[in-house]
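A.B. asks: Just need the structure, nothing else, for what follows:
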Amino acid sequence: MTELQNVTSRFPQIKEIKGIQALQSGLINRTYLVETNGPDNYILQQINHHVFTNVELLQHNIECVTRHIRAKLIARGEPDIERKVLHFLPTTEGKTYHFDGTHYWRTCVYIRDSYTQTKVTPDTAYLVGLKFGEFEAMLADLPEKLEETIPDFHNMEFRMQQLREAIRTDQAGRKGKVQDLIDTLERDADDMCAAERLYRAGKLPKRICHCDTKVSNMLFDAEGKVLCIIDLDTVMPSFVFSDFGDFLRTAASTAAEDEPDTKKIHFNMNIFQTFTRGYLESASAFLTPLEIEMLPYAVRLFPYMQAVRFLTDYLNGDTYYQTACPEHNYVRTRAQYKLYQETCKAVPDMQQYISQQMKNPLRENAD
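C.D. replies: Predicted coordinates for the structure are as follows:
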């Protein structure tokens, strides 16, 4: 407690502390609730600087994004703004983070009367699509330059390079067992790396994206309305495919990402449709025709990319992902590849649905 109180003393806005308690949510950063006798409570986080190696860059991105969203909300006369965008506190040095010699810390105002959800339903999928599309739209004219907080996070060419290096070294001696998977992944590698080639050709833009789209990264009020987007650590320049495809990789799968029985793994078109409807309602006004055309590619890309990453780790001897058994990453690879196959089968239906949505007069009038 003394250590945490010493940290909070570096944020002069925090006064009259009643108590500090650890929160269980979050897999990367250590998070605490700071309760006070004043009108506000606070969220204190120890930033995982092993994952986010450039904390100054990380906080620069977050400051730019929250400042820009706040200005947009003010301009359109939005009520209750303090509950609709995160507010990070300055330290005595004027920064939004404090380094105590060992750890990095930051604090934001706790948004009162809010809660998170974890269950994905058609209704919540629609809200995720709508709100993350709106998030991208609000940041489409951000004047400041942001950098990648995790370099090459969703770069498919980079992930293939990692896989090929793992195949070459075969550190765990497992290549023979998975040669069929290697061959099948290689067959589609050129197609799956299309985004990077189109970007270099100037045909596909990178935008400011959240890069961790899931229902648990939205705060709701008591009436079930979305207050704001949270967990901004991965906000960075990326293809919109990062926000679109990665949500559907988990939300539209009928099984867990490590399901050993691949017959249970299918692609849920109902979740795809409701998510896509919400996303296009808020994002289609700024998306290019090519970005919209490639949304089914985004849905295929992320299970493919995750299969590549799991297989890479399996070949390297399970050095990155935590595993529950020696074959865990192999099981994960097979499950994600099966999901990739299911998304490939769904492409015609996805294309047809997107085309219908883009012709929807109600959506056009809303724009």
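
A.B. asks: where along the stretch 151-300 of the chain do the helices fall?
C.D. replies: Ranges of helices in the stretch 151-300 of the chain, per DSSP state H, counting those that start in this stretch, are 156-169, 179-187, 189-192, 194-200, 241-251, 269-283, 289-293, 295-315.

A.B. asks: what about residue 207, how many neighbours?
C.D. replies: Burial of residue 207 is recorded as 19 neighbouring residues (other CB atoms under 10 Å). The C-beta positions use only the backbone N, C-alpha and C, and glycine is treated the same way.

A.B. asks: Actually, residue 300.
C.D. replies: For residue 300, the neighbour count with other CB under 10 Å is 27.

A.B. asks: Could you find the closest non-adjacent residue to it?
C.D. replies: Sequence neighbours aside, residue 343 is the residue nearest to residue 300 in space, at 4.7 Å (criterion: CB to CB, 6 or more residues apart in numbering).

A.B. asks: Including distance to residue 104 and mean pLDDT, could the helices of the stretch 151-300 of the chain go into CSV?
C.D. replies: Putting these into CSV (distance: least, CB to CB, whole Å; pLDDT from 0 to 100) gives the following:
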stretch, distance to residue 104, mean pLDDT
helix 156-169, 26, 98
helix 179-187, 37, 97
helix 189-192, 35, 98
helix 194-200, 31, 98
helix 241-251, 25, 96
helix 269-283, 33, 97
helix 289-293, 35, 98
helix 295-315, 27, 98
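
A.B. asks: Which among those helices is found nearest to residue 213?
C.D. replies: Closest of the helices of the stretch 151-300 of the chain to residue 213 is helix 241-251, at 4.1 Å (criterion: CB to CB).

A.B. asks: Kindly format the C-alpha coordinates of the closest one as PDB.
C.D. replies: As requested, C-alpha coordinates have been extracted for helix 241-251 and formatted as PDB (Å, rounded to 0.1, in the frame of the first residue of the first chain):
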ATOM      1  CA  PHE A 241      -9.000  -4.700 -41.200                       C
ATOM      2  CA  SER A 242      -7.400  -4.800 -37.800                       C
ATOM      3  CA  ASP A 243     -10.600  -3.500 -36.100                       C
ATOM      4  CA  PHE A 244     -13.000  -5.400 -38.500                       C
ATOM      5  CA  GLY A 245     -11.300  -8.800 -38.800                       C
ATOM      6  CA  ASP A 246      -9.900  -9.400 -35.400                       C
ATOM      7  CA  PHE A 247     -13.300  -8.900 -33.700                       C
ATOM      8  CA  LEU A 248     -14.900 -11.500 -36.000                       C
ATOM      9  CA  ARG A 249     -12.100 -14.000 -35.500                       C
ATOM     10  CA  THR A 250     -13.300 -14.600 -32.000                       C
ATOM     11  CA  ALA A 251     -16.800 -13.300 -31.900                       C
END
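
A.B. asks: Contacts for that helix, please.
C.D. replies: Contact partners of helix 241-251, identified using CB atoms under 8 Å, 6 or more residues apart in numbering, comprise 120, 125, 128-129, 132-133, 136, 153-154, 195, 209-215, 257, 268, 271-272, 275, 279, 294-295, 297-303, 306, 339.

A.B. asks: Pick out the residue closest to the middle of the protein.
C.D. replies: Central residue of the chain (CA atoms, centre = their mean): residue 212, 0.7 Å from the mean position.

A.B. asks: residue contacts, the residue nearest to residue 300?
C.D. replies: Contacts of residue 343 by CB under 8 Å, 6+ apart are 267, 296, 299, 300, 303.

A.B. asks: The third one: neighbour count?
C.D. replies: Using other CB under 10 Å as the criterion, residue 299 is surrounded by 30 other residues.

A.B. asks: I'd like the numbering to begin with 35 instead of 1 from here.
C.D. replies: Happy to do that; since the first residue is 35 now, the last one works out to residue 333.

A.B. asks: how close does it sit to residue 302?
C.D. replies: Between residue 333 and residue 302 the distance is 11 Å, computed by CB to CB, to the nearest Å.

A.B. asks: so residue 263 makes contact with residue 164?
C.D. replies: No. With contact defined as CB atoms under 8 Å, residue 263 does not reach residue 164; the gap is 11.4 Å.

A.B. asks: higher neighbour count, the two?
C.D. replies: Per other CB under 10 Å, whichever of residue 263 and residue 164 has more neighbours is residue 263, with 24 against 20.

A.B. asks: just so I know, which of the helices of the stretch 185-334 of the chain lies nearest residue 174?
C.D. replies: Judged by CB to CB, the one of the helices of the stretch 185-334 of the chain that comes nearest to residue 174 is helix 303-317, at 9.1 Å.

A.B. asks: still on that earlier bit, next, the closest residue to the residue nearest to the centre of the chain other than its chain neighbours: phi, psi?
C.D. replies: Closest residue to residue 246 apart from its sequence neighbours, by CB to CB, 6+ apart: residue 268 at 4.7 Å. The phi and psi values for residue 268, taken as degrees, to the nearest 10, are phi -100, psi 10.

A.B. asks: what's the neighbour count on residue 268?
C.D. replies: Counted with other CB under 10 Å, the neighbours of residue 268 add up to 23.

A.B. asks: what's the spacing between it and residue 236?
C.D. replies: 25 Å.

A.B. asks: returning to that earlier point: my understanding was that the residue nearest to residue 246 contacts residue 187; is that so?
C.D. replies: Yes. Proximity of residue 268 to residue 187 meets the contact threshold set by CB under 8 Å, at 7.1 Å.

A.B. asks: Between these two, which contacts overlap?
C.D. replies: Any residue near both residue 268 and residue 187 by CB under 8 Å, 6+ apart counts here, and that gives residue 245.

A.B. asks: just to revisit the earlier point, among the helices of the stretch 185-334 of the chain, which is nearest residue 137?
C.D. replies: helix 329-349 (27.4 Å).

A.B. asks: Fine by me, thanks again.
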